[in-house]
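Trainee: Provide a 3D model corresponding to the input given below.
(chains A and B)
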Amino acid sequence: MIIDHPLLGPRDSAEFTYMGDARLIDRPDPDAGTAAQDFYEYGYLRDNPAGWHDELWFHEAGDRSWLVITRNTLTHEISKVQLARDVARSRGRSK
Amino acid sequence: MHDLMPITALGGTEARIDAFDHVTITENDGLALASVAARIGHEKPCHATLKKLLGAVPGPGKAILHDPEAGFWMGPDQWMIGAPRATHELLADQLTTLFGETASVTEQSGAWVCFDVTGPAMQDLCERLCAVPIRRMVAGDAQRTMIHQLGCFVIRRQDADHIRILGPRASAGSLHHALITAAHSTA
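Mentor: Next up is the predicted model:
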């Protein structure tokens, strides 16, 4: 599988490590009244889609950036690769 | 009084040189290193200082082979700066003063071992060693890759037969072993 890194171009997936569902970016508010339930869901509940899935990948043997990769879990086709920090910032995170 | 003697990354009193007919592997003990990471919101002034220091800001996968300070891109808004240790032993302190509030500077001299590989079989050796596209790389290309399970930087230098490899200093012996093995297999 080849991952088309947004900065470095096509790289072998062996250089990357899968780090889970991209929804891990959306950390719940610890001060909310429902925080206990929110963090339970955040920590343990995952969808397991047969099809398109947003995933976090870490470029461990490369520039060590975190990526959000949209991958089809049935075909391994990759439709989109973004820097995770750009995704997080677009959702109003880390200023 | 302590009577301490400086040693190189491979433990010798002098830098190790392994000369073969087709390739020479030299432990480079004369490098001072420091990393620079732009702070959020200070990217622009940080880039400007880098440009003043190196002549240009190294883009992704690139190095600026400037003298005396050289630098290469490590990741988004992160660079490694290197200079001769004899003249720049306090490189990290100098860079901290230079960049001020715009960047976080970390001393890296003690974290890396540097090997210079030169000779006509350099490309063959590199191909056996790691997954960088060495024949497509040009002078000033710098890539991070795995060598012998170690995260290393491979920098293509000005001379066509010269590659510089930076690897974790604590595993200098293992990296050297991998280089020597690759050198034997290309003989």
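Trainee: make it CA atoms for all contacts and neighbour counts henceforth
Mentor: Fine.
Trainee: And the closest residue to B:Cys130 other than its chain neighbours, how far from B:Ala170?
Mentor: Leaving aside its sequence neighbours, B:Cys130 sits nearest to B:Ile147 (Cα to Cα, 6 or more residues apart in numbering or on different chains; 5.4 Å). If you measure B:Ile147 against B:Ala170 using Cα to Cα, to the nearest Å, the figure is 14 Å.
Trainee: For the two, indicate the residue with more neighbours.
Mentor: Under the criterion of other Cα atoms under 10 Å in any protein chain shown, the comparison of B:Ile147 against B:Ala170 puts B:Ile147 first, with 22 against 14.
Trainee: Next one: the more buried one, what pLDDT does it get?
Mentor: The per-residue pLDDT reported for B:Ile147 equals 93.
Trainee: now swap in the one 3 residues further on and tell me
Mentor: Each residue has a pLDDT score; the one for B:Leu150 is 93.
Trainee: quick one: the helices in the chain?
Mentor: All of this is about chain A. In order along the chain, chain A carries the following helices (DSSP state H): A:35-44, A:84-90.
Trainee: was after chain B, sorry
Mentor: Per DSSP H, chain B carries helices over the ranges B:43-54, B:85-88, B:91-99, B:122-129, B:172-185.
Trainee: Tabulate those (TSV), appending distance to chain A, mean neighbour count and mean pLDDT.
Mentor: TSV is the format used below for those (distance: least, Cα to the nearest Cα, whole Å; neighbours: other Cα atoms under 10 Å in any protein chain shown; pLDDT from 0 to 100):
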stretch	distance to chain A	mean neighbour count	mean pLDDT
helix B:43-54	14	17	96
helix B:85-88	26	14	94
helix B:91-99	22	18	97
helix B:122-129	14	19	95
helix B:172-185	16	18	97
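Trainee: can I get these in a markdown table with distance to A:Ala14?
Mentor: What follows is the helices of chain B, written out as a markdown table (distance: least, Cα to Cα, whole Å):
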| stretch | distance to A:Ala14 |
| --- | --- |
| helix B:43-54 | 31 |
| helix B:85-88 | 35 |
| helix B:91-99 | 34 |
| helix B:122-129 | 16 |
| helix B:172-185 | 20 |
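Trainee: Out of those, which is closest to B:Val23?
Mentor: The minimum distance between B:Val23 and these falls on helix B:122-129, with 6.2 Å, by Cα to Cα.
Trainee: tell me which parts of chain A are close to chain B?
Mentor: Counting by Cα under 8 Å from any Cα of the partner chain, the residues of chain A close to chain B are A:7-8, A:15, A:61-65.
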